[in-house]
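Q: Sharing a sequence plus its predicted fold:
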Amino acid sequence: MEKFKQVQEVIASVEADVTKFYDGGNAAAGTRVRKAMQDLKVLAQEIRAEVTEKKNSDK
């Protein structure tokens, strides 16, 4: 559950940069968005592994 909260925090923290990039064309904000998306990818993979482990340990 902690990692899911981290996902929510990353999304909330990058929201302003997404707006700056898409609406304002700010290239530096685009770089920050790409980094945040990579962080989300890593967190999502970790969550998937935890869910699989928990699911399989309950059997």
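A: Cool, got the structure.
Q: which regions of the protein lie under the pLDDT threshold?
A: Residues of the chain that meet the criterion pLDDT under 70 lie in 59.
Q: middle-most residue in it, spatially?
A: residue 40 (2.3 Å; CA atoms, centre = their mean).
Q: before we move on, which element is that one in?
A: helix 27-57 (DSSP states H and E).
Q: residue contacts, the closest residue to residue 50 other than its chain neighbours?
A: Ranked by CB to CB, 6 or more residues apart in numbering and with sequence neighbours excluded, the top spatial neighbour of residue 50 is residue 3, at 7.0 Å. All C-beta spots, glycine's among them, are computed from the backbone N, C-alpha and C. By CB atoms under 8 Å, 6 or more residues apart in numbering, the contact list for residue 3 reads 43, 46-47, 50.
Q: Please tell me how far the closest residue to residue 46 other than its chain neighbours sits from residue 47.
A: Setting aside the residues directly before and after it, residue 46 is nearest to residue 3 in space (CB to CB, 6+ apart), at 5.6 Å. Distance from residue 3 to residue 47, counting by CB to CB, to the nearest Å: 5 Å.
Q: re the thing from before, list the buried residues in the helix holding residue 40.
A: 29, 32-33, 36, 43, 47 (16 or more other CB atoms under 10 Å).
Q: If anything else comes up later, I'll come back, but that's it for now.
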